[in-house]
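Asks: how does the following fold in three dimensions:
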Amino acid sequence: MEFYNLRGLTSYYEIVFTIKGRREGDNQSVYVGAHRTLDDSRLDWINGGTVDESFWQPGEPNNESGDENCVEVQSTGPFNDKSCFTLSGYICQILTKLPQAQERVIVLA
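Replies: Prediction:
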């Protein structure tokens with residue numbers, strides 16, 4: 001498990017692609033904190049808001065198998081919707097309280 005500091009959305013993407021560059025294999029993917037809504041109308045971040053259309057690979061999200069309810073970032077680029085039952089790494093955010101300020105840390109597992 002590796003820990004990285006997360007300081008805003010721009011850093012988030014830099015970290016994701018840095019992490020992915022360090023993963024073994026040609027096309028590794030990691031889950032990010034987004035999911036399909038119960039009414040199947042969109043994919044939302046777990047902390048609120050809809051995943052921006054510009055984040056997706058062309059033709060995605062397509063819910064191809066009818067069960068692609070989670071979101072992954074692939075080492076080859078943008079987001080893809082994927083079954084939540086496929087084993088994969090993940091990225092999560094942990095809020096930690098530090099003496100001077102609150103820090104956000106992401107965990108790659």
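Asks: which parts of this protein are strands?
Replies: Using DSSP state E, the strands of the chain run over 2-6, 29-36, 43-45, 70-74, 77-82, 89-97, 102-108.
Asks: which residues does Phe55 contact?
Replies: Pro78, Phe79 (CB atoms under 8 Å, 6 or more residues apart in numbering). In short, each C-beta sits where N, CA and C put it, glycine included.
Asks: any idea how far it is from Glu68?
Replies: Separation of Phe55 from Glu68 (CB to CB, to the nearest Å) stands at 15 Å.
Asks: who's the closest residue to Trp56 other than its chain neighbours bridged to?
Replies: Spatial nearest neighbour of Trp56, excluding adjacent residues (CB to CB, 6 or more residues apart in numbering): Phe79 at 5.0 Å. On DSSP bridges, the residues paired with Phe79 through beta bridges are Trp56, Val73.
Asks: list the contacts of Phe79.
Replies: Val32, Ala34, Val51, Phe55, Trp56, Gln57, Glu60, Pro61, Val71, Glu72, Val73.
Asks: PyMOL command to pick out the buried ones of those residues?
Replies: Selecting only the buried entries of the contacts of Phe79 in PyMOL, with 16 or more other CB atoms under 10 Å as the criterion:
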select buried, resi 32+34+51+55+56+60+61+71+72+73
